[in-house]
Structure formats: C-alpha cells, structure tokens
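Peer 1: build me a structure from this.
(chains A, B and C)
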Amino acid sequence: MMPPMSDPKATASAFPDSTDPFALDEPAPPSPAAAPEAPWLAGLNPEQRAAVTTTEGPVLVLSGAGTGKTRVLTARLAQILGGRLAQPWQILAVTFTNRAAREMRERVAALIGPPAESVWLGTFHAIAVRILRRHAELVGLKSNFTILDTDDQMRLLKQVMEGERVDTKTWPAQALMAAIQHWKDRGITPDKVGSDGEGGNEGDGGKPATIYRLYQERLLTLNACDFGDLLLHTLTLFLTHPEVLARYQDQFHYILVDEYQDTNLAQYLWLRLLAQGRRNICCVGDDDQSIYSWRGAEIGNILKFESDFPGARVIRLESNYRSTPHILAAASHLIAHNAGRLGKTLRPGLANADQGRAIQIHGVRDGEAEARLVVGEIEKRVALGEKLASMAVLVRAGFQTREFEERLITTAIPYRVVGGPRFYERAEIRDALAYLRLVSSPDNGLAFERIINLPRRGLGEATLHVIHGAARAGNVSLFEAARQLTVTDELKPRARSALGRFVADVDRWRSMLGGVDHRDLATTILDESGYVDMWRNDKSPEAPGRVENLRELVAGLEEFDDLDSFLDHVALVMENDAQAGGDRVVLMTLHGAKGLEFDTVFLPGWEEGVFPHARALDQSGESGLEEERRLAYVGLTRARRRVTITFAANRRIYGQWQNALPSRFLDELPEDNVERHNETGLYAGGAAEWGGSGRWDEEAVWRRPAAERQTAPAATSWKAAARPGAAVKAGDRIHHDKFGPGTVHMVDGDKLVIAFDHAGVKKVLAGFVTPA
DNA sequence: GATAATCCGGTTTTT
DNA sequence: CCGGATTATC
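Peer 2: Coordinates of the predicted model:
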C-alpha cells in the first residue's frame, strides 16, 4: 500500500465526496476539519475533476488530443477504488491495445497499489476470452479453444472455399474474409445474414453467406475462434443466456471504456448489454481522432452516446497541455472543416504558454528533395541540442518511410521504423509456434498442416490429402489419422516411414511435457525437428535473422510457467518487436502515432492522392475525406513544439513519375499560423522565393488552377491528375454497352477503372465507353 | 513434388 | 518498379 502523501494544495474542495481512501488502513479518526484531498485529484483542472468524480450514471468524456485523457482514466479508477465505491473485481476497464491496458494498470497500481491487480482491465478481446473460457460450452466450444491468427483464418477459409467449389475469380478469399469480418464487426451471426438486408443480395445466391456459415461450423469443429468470434460468441452468450449476462451485469458496478470512438458495433452492443445493469458507464474518446472506420469502428457510437444513455453527462476536456498555441490553432481550424462532429476546440492549457513557431510548410521538387529537407532540419535540431528521439516523421503509408530511411542512412543518423512486421507474424515464429501448439494439443489440425512438411520430409500435398481422407473417415484429428496411417499400407513406403518418424517425434516431445523445463523442451523440439537447421542452412540474407528470432522466442518463454500459458498469451498479446533503445529518430505512420507525442514532428507527403489518399476518397467519398482530415489532425496534434509539413511536386509511384498537387488540407490551415516556402520553379519555373509570412510565394503558380478545382471531384486519383489530356477522366459519368452507367474511378492509359451503378467495379478499355 | 514463369496489385492495423 | 501468390513446367 502506498503511504498517503500529503497534498500541499489541499484547500477546501469543491467536491465534497471526501471519503478518506485510507481510512481503513489508518485507524486514526479522520479529522473532519481538514479532510485531505485524495492524491489522485491533485493538479486536475475542473473538467478533469468532474470527469473523475462523476462516478455515477453514464458519462461521456470527450477528450481532445493532449488534454490528459489517460490521467483522468486512471484517476477515475483510483477514485472508485480508493473511495471504496466498489471492489476491484467489480470494475471493468476496457482498452483497444495491450499497450494501453498495460499503461493503465501500471498507473493505477502506482496510485492505489496492489488492489489494481484485481480490476477486470484489459483489451476487449482479452476480457472476452476470459468470459468465454468460463462459458465456452454454452456457445458450442470447449473452454480450451484455440485462437487463430489471421494466417490460420485465411487457410481455413480457403479450405472451406475449396470444398464449396467457389470461383476465386468472382470471390477472392480476401474479399470473402473481409465480408465475414465485416459481419462479425457488426455482431451479425450467419443465421442473421440477409434477414436485415445485409449481404446475399449481390446477385450471387447468398454465396458469401453460405461460406460464412460453413466457416463458422469449421471453426467450432476445430474448437477454435478467430478474433472477431471472441466478441461475437460473447455477444451470443449474453443474448442466449440471460442468467450469464445478469451475472456480469451484477458484477460490474463500474465500466470504463477507453478510445470509445474506435468501438465497432459488436463492441458497442457488448458494452451496452453489460452497462444495462448498473448504468455506471464512462466512455472516454475523441470523435476527432476516429481513424479506424476501415476496420469497423463506428464513429456513430460516440456521436449518439447521449441518446443511447439517456441522462448521460457529457464532459469536454479542451485544455491542451501539449502543444503550442500555433499548433493548436492550426489543428482546430483544420478539423473544423469536418461536418458531423460533436464539436470541441482545443485551447492552450497553460495561460502563459509561449506562441511557439508557426507551422512550416515547404514545397519541394520531388521525394528525394523532401527527404533531404527533412533530414537537413533534423540535423539542425540536433545541432541545437534536441534529442533524436523527440523528433518524428509521420507518413500516411508505410512505404513512404523508404526515402527517409535512405537519406538517414547516408547522413548516419540513427532512426527507428515503428510498425514493421510484428514478431509473431514472422513466418519462422509462426512455424515454431505451430510446433509448440501441436505438442501441446496434438488435435490442432492447423498446426499439424503448417509443419507436417517443414522442413521438407517428403510429405507433400498427396500425403496430406490421404491424411485428410483418413481423418474424415475415422472422424479423428489429422494427427491421429497420421498415426493410424503409419501402420497401414495406404501410403507409399517412403511417405509412410517419414510420417512414422514425425509422429514418433511429436509423441516423444509430448511425453516430455511437464517433465522438462518448457524452455528446454522448446529448444529440443526446434532442434530435433530440424527446423532450426533448415534456417541455418538457408543461404538467403534474412536467414540468420530468423535463427536469431527463434532464439528470442525461446528466451521469451522464461516469463511463463508452462507452454500452455505461453501459447494463450501469444495468441492475444502480439507484442511488437522489442524496440531497440538509444536515441533515434522515429519513423512511422500517422495511424501508429496516435496517442504519442514529440517535440518536433515532420509531416511529409501532403499531396492530393497521397494525403488525402486517393483510395480513401474513392471508397468512402466525403466520409473518407473526413477521416483523412482527422488523420491530419492527429498528425498535427502529436507535436509539442514544432511542425514541418512538406509536399513534392513530382513523385515516383510504382516506378512511374507522377506530378502531384498540394494537398487540399494545406489550404485548410489558417494563414496566421503557417509560413509557406517553396523551391524555385516548382510548377512553372521562375517563381519568386520566400514571399513572406502567411502568403504563398507565388500565388498564380501555387494555387491550384481554378478550373482544375472545379472539375476535380472528390475521387480524383493522382494518376488521373497526371493525364490532363485524356478524353475521359476520373469522376466522369460514362455509359458502357454491356455494364450500363458508371463513374470513372481511375484512368490508366487506355484502361479505365469504373464503378458501375449495377455491375460493380470493373476495368474496361476506354474505347468501349461513351460519355453519359 | 519442387522450381521457374507469370500475373496482379499496390493505405491505414489491433486483437 | 517490386514482391507475393498462383500457375506452368520439368
């Protein structure tokens, strides 16, 4: 337990909640005259205090960037626990990422000590697993079900598709998977598909829905779940077993939700069911930072909170303690261009904050010049004594980091790219995990298939096919079937003996479970299977790294008591690679930067087509544009002191040079808070330099031609912009003899990508269409 | 059953 | 232009 700290500014509190949180630990009678203020309330502004102390009833905390969201969340937990309003296990606190969950747990533990351990605090998925394991049989699973990762999901889906003879031309596995996930995001089980007009209306006889149903059946047979299922099954559980729901409604006196703007429909329903018990739900979020609609997040959830929870109190946190007034003004002005927001304006939280520097906007000739400029600025900052780690380059898409990396390498500046392939996603790790899974549970068919011929054992498709047949016929697992086949004559001698060795190996490793330290066991398995040797003998440049990764995997086992607890953990917590320490510039995507902050932020690639990304606009039109704008807002608000935005007039995309127009977002920044600079002769040649504050240096050259502005619709792609001479351009309405009316999405030479009103998106030759 | 040829596509990402 | 994935060929 923490010692009660004395609060220097324990003045008479305007919030007379004042139950002494430490009364039970300190038998001394509380002195009513000077009730010391709870330590977690110290230093909070009035809005933050309200958000912390309004514990009863539904509360929506609209928390702008840099307004102390995490602080409020943890203080609120401390308020409930410290004030003895509930026991730790009666609190449910959900986050989206493990990182956020861990951070919150640490901070609450620092405030109120060990009781923090017992709070139901975790990601939506982790909490769902916890509930689901207890009641698995009620939804047709066993409590030791395995959780599939995306790779396994895909394989399973492909199997189902093969069985159904699905034409992969009309229904690519990816598209079906997307459809299935989309259903799951909205809490739609296979039996509900179509009943509400969802799916099955694509003129395809409901094929996707059929696949969905079969896929779910396969998952149940395998005693497995994909990520979406964790929520979906819990939802089903709650809906079909009211007594179970009632139990949790009863248990959770207080519910806290972080990043509420990122919840999807399934999560929303899940929360609403649980909250119906005590109605003490507090959701914290920022509609202006909703950037995940493409993976199912419903910004509507946060927009309609008040109508969902009548009598809800809405608290706005608008005092920003992070950025300079210049940055705040620019970000606020930009985001004000969005319709459909709850409305919030960031204001400087510190009264005497210095203005800081205006946002610097640089136009350059091409991507290389852009990288040179940014890295040059980084060097200047370093010369002034700024740490590399306080500077970040935030890009729209991952591939954009490449040019900066090259420049940073040539200038020998250490950097770190955040968000590459994650550790667990690497093939060698997944293979190794499959070995461990198979040893842990031999019935795991997916693990079996993954490694049966890895390293090569001469057990290819043909053998696997026989095993599949035997498994089906005998209604046993693949591994069991394999075992049986080693004593029959169905396989050729070669395959038979190879298979025999494999089965014997797995059996032997399995017999060592529990007897041997699990780390040694893992080492043994990877050695004896020949898997490590496979990579050692591999000549490819990345092979040594893979061997190293395997070593790391085994080292990581140390933190766990046994293999099973490790495997369960791995499925849910897919940690990023250990981040190499040291003072390094950070390169990452805007999405990855959410929640982080830096002194100096570089925002390159502000060009139409790149940012806002053409695809976002094509797919979702105006709402897509608004999400891109929120992304820009997220980028700007990451900076504490300095922002530099750059854009290039020419850029090489897929090996081809394209010219690009400055992003429309640049026009949406307030002149008072920016300084614009551009290279000589960017778009025409002979442009004047260094015009002066708040003005484009050469207006006529700079500004997008008026004609182009009008004809360029929201969906203009950069390719279209690069071909002004083409007869047909993006956004045009056309008619096709066979497919009917449609809208041109992209012009690629003489090929057009057209979204037909009735026939879907198709690629056709320009000669076959006529202007509508 | 393994390698070579070819085709396609190409934001954002957590769990 | 590049890399992954599917297909063609030995």
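Peer 1: buried stuff in the single longest strand found in chain A?
Peer 2: If you go by DSSP state E, chain A has its longest strand at strand A:639-653. For strand A:639-653, burial by neighbour count (16 or more other CB atoms under 10 Å) applies to A:639-651. In this view, the C-beta of every residue, glycine as well, is placed from N, C-alpha and C.
Peer 1: next one: stretch A:132-142
Peer 2: A:132, A:135-136, A:139, A:141.
Peer 1: repeat that for stretch A:363-383.
Peer 2: For stretch A:363-383, by 16+ other CB under 10 Å, it's A:363-375, A:377-378, A:381.
Peer 1: average pLDDT across whichever strand or helix holds A:Ala75?
Peer 2: If you go by DSSP states H and E, A:Ala75 is part of helix A:69-82. For helix A:69-82, the mean pLDDT works out to 92.
Peer 1: before we move on, the earlier item: can you tell me which of the buried residues of stretch A:363-383 lies nearest to A:Gln267?
Peer 2: A:Val374 (37.9 Å; CB to CB).
Peer 1: how long is stretch A:488-497 end to end?
Peer 2: End-to-end span of stretch A:488-497 (CA to CA, to the nearest Å): 11 Å.
Peer 1: typed the wrong thing, it's stretch A:385-405
Peer 2: 22 Å.
Peer 1: wait, does that stretch contact DNA strand B?
Peer 2: Yes. In terms of CB under 7 Å from any atom of the strand, part of stretch A:385-405 sits within range of DNA strand B, namely A:396-399.
Peer 1: buried sites along that stretch?
Peer 2: Those would be A:386, A:388-396, A:400-401, A:403-404, for stretch A:385-405 by 16+ other CB under 10 Å.
Peer 1: need the max-distance pair from these.
Peer 2: A:Glu386 and A:Arg396 (24.6 Å).
Peer 1: report the contact partners of the closest residue to DNA strand B within the stretch 451-600 of chain A.
Peer 2: Among the residues of the stretch 451-600 of chain A, A:Gly460 lies closest to DNA strand B, at 2.4 Å counting by CB to the nearest atom of the strand. A:Gly460 sits next to A:Asn453 when contact means CB atoms under 8 Å, 6 or more residues apart in numbering.
Peer 1: apart from its chain neighbours, what residue comes closest to the residue in the stretch 251-400 of chain A that DNA strand B sits nearest to?
Peer 2: For the stretch 251-400 of chain A and DNA strand B, the shortest gap (CB to the nearest atom of the strand) falls at A:Gly398, measuring 3.1 Å. Leaving aside its sequence neighbours, A:Gly398 sits nearest to A:Thr589 (CB to CB, 6 or more residues apart in numbering; 5.9 Å).
Peer 1: do you know how far the one you found is from A:Asn453?
Peer 2: From A:Thr589 over to A:Asn453 the distance is 36 Å, taken as CB to CB, to the nearest Å.
Peer 1: between those two, who's got more neighbours?
Peer 2: Taking other CB atoms under 10 Å, A:Thr589 and A:Asn453 do not tie; A:Thr589 has more neighbours (19 against 16).
Peer 1: near DNA strand B, which residues of the stretch 551-700 of chain A show up?
Peer 2: With CB under 7 Å from any atom of the strand as the criterion, the stretch 551-700 of chain A meets DNA strand B at residues A:572, A:574, A:576, A:588-589, A:591-592, A:613, A:615-616, A:619, A:624, A:628, A:654.
Peer 1: any of these buried? List them.
Peer 2: Of those, these count as buried by 16+ other CB under 10 Å: A:572, A:588-589, A:591-592, A:613, A:615-616, A:624, A:628.
Peer 1: which of those fall in helices?
Peer 2: Counting by DSSP state H, these place A:572, A:591-592, A:615-616, A:624, A:628 in helices.
Peer 1: filter those down to the ones close to DNA strand C.
Peer 2: Okay, of those, nothing touches DNA strand C (CB under 7 Å from any atom of the strand).
Peer 1: show me which of the residues you listed is closest to DNA strand C.
Peer 2: Using CB to the nearest atom of the strand, these come closest to DNA strand C at A:Arg615, 16.4 Å.
Peer 1: the residue nearest to A:Gly398 reaches A:Arg396, doesn't it?
Peer 2: Yes. Under the criterion of CB atoms under 8 Å, A:Thr589 makes contact with A:Arg396 at 6.9 Å.
Peer 1: what about the residue in chain A positioned nearest to DNA strand C, neighbour count?
Peer 2: Residue nearest to DNA strand C within chain A (CB to the nearest atom of the strand): A:Gly655, separated by 2.3 Å. A total of 5 residues lie near A:Gly655 under the criterion other CB under 10 Å.
Peer 1: if I look at it, how far off is A:Arg84?
Peer 2: Taking CB to CB, one finds A:Gly655 at 65 Å from A:Arg84.
Peer 1: pretty sure A:Gly340 is in a helix, no?
Peer 2: No. Using DSSP: H, G, I helix; E, B strand; the rest coil, the assignment for A:Gly340 is coil, not a helix.
Peer 1: where does the stretch 151-300 of chain A dip in pLDDT?
Peer 2: A:195-205 (pLDDT under 70).
Peer 1: in it, which spans are helices?
Peer 2: A:173-185, A:207-221, A:227-240, A:242-251, A:265-275, A:299-303 (DSSP state H, counting those that start in this stretch).
Peer 1: also the stretch 601-750 of chain A?
Peer 2: Using DSSP H, counting those that start in this stretch, helices in the stretch 601-750 of chain A cover A:614-636, A:664-667, A:699-702, A:706-711, A:718-721.
Peer 1: mind checking the pLDDT average for the first one?
Peer 2: Averaging pLDDT along helix A:614-636 gives 91.
Peer 1: any chance of the buried residues of stretch A:132-142 in TSV, with pLDDT too?
Peer 2: Formatted as TSV, the buried residues of stretch A:132-142 follow (pLDDT from 0 to 100):
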residue	pLDDT
A:Leu132	94
A:His135	95
A:Ala136	93
A:Val139	93
A:Leu141	92
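Peer 1: for chain A, list the residues in contact with DNA strand C, please.
Peer 2: For chain A, the residues in contact with DNA strand C (CB under 7 Å from any atom of the strand) are A:158, A:168, A:173, A:654-655.
Peer 1: most widely separated two among these?
Peer 2: Top of the distance list for those (CB to CB): A:Lys158 and A:Gly655, 31.2 Å.
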